[in-house]
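>>> build me a structure from this.
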Amino acid sequence: MSISMRLSRGGSKKRPYYKIVVANSRAPRDGKYLEQIGTYNPLLAKDSGERVKINEERAKHWLSVGAQPTDRVARFLDAAGLKERKATVNPKKGEPGEKAKERAEEKAAKIAEAEEAAKAAAEAPAAEEAPAEEAAAEQAEG
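Numbers count the residues shown, from 1 in each chain. As a prediction, this is how the structure comes out:
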């Protein structure tokens, strides 16, 4: 018999309230369970201490005898410091697609061209002003 630590839903329609239970993995979600080890109320604020309550001693016991927590319960146990959750590593998930990469390259090229044009425009008036200043200086002397 494999044992799982999971959520069992209670509460009325659109007002969920969950029990954190230890149950046979083949038992229905809201069916028979071996022991209730905590509660979870998703309607409370995330920083509320009453949102997730876990009996840490019983959770440690069930983990020691081989109970497998579901993803959500594993997150709660990790937050309580009872079980370290293994990281899901998918390095390509955050990477943009091919078309997005092409658009980014085109945008970078346009920005580079605009910067070069701005530099050229900034240098050209400076070159024109120098002879004008020299001419003004000659007229002032003469």
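
>>> got the end-to-end distance for stretch 43-52?
11 Å (C-alpha to C-alpha, to the nearest Å).

>>> what comes into contact with it?
15-17, 38-42, 76, 79-80 (C-beta atoms under 8 Å, 6 or more residues apart in numbering). Quick note: C-beta positions are derived from backbone N, CA and C, even for glycine.

>>> report the contact partners of Ser12.
By C-beta under 8 Å, 6+ apart, no residues touch Ser12.

>>> what bridges to it?
Arg15 (DSSP bridges).

>>> per-residue pLDDT, it?
Reported pLDDT at Ser12 in the predicted model: 94.

>>> so how far is Leu43 from it?
Going from Ser12 to Leu43 by C-beta to C-beta, to the nearest Å gives 11 Å.

>>> now do the helices in this structure.
Here the chain has its helices, by DSSP state H, at 56-64, 71-80, 98-141.

>>> can you say which of those helices is nearest to Ser8?
In terms of C-beta to C-beta, the element of the helices of the chain nearest to Ser8 is helix 71-80, at 10.8 Å.

>>> and the closest one with helix 56-64, angle?
Put simply, helix 71-80 runs at 120 degrees to helix 56-64, going by axes from the mean of the first three to the mean of the last three C-alpha atoms, to 10 degrees.

>>> rounded mean pLDDT for helix 71-80, please.
For helix 71-80, the per-residue pLDDT averages 93.

>>> next: stretch 106-122.
90.

>>> show me where pLDDT drops low in the protein?
Judged by pLDDT under 70, the chain has its weakly predicted residues at 125-142.

>>> list the buried residues of stretch 96-116.
Buried residues in stretch 96-116, counted by 16 or more other C-beta atoms under 10 Å: none are found.
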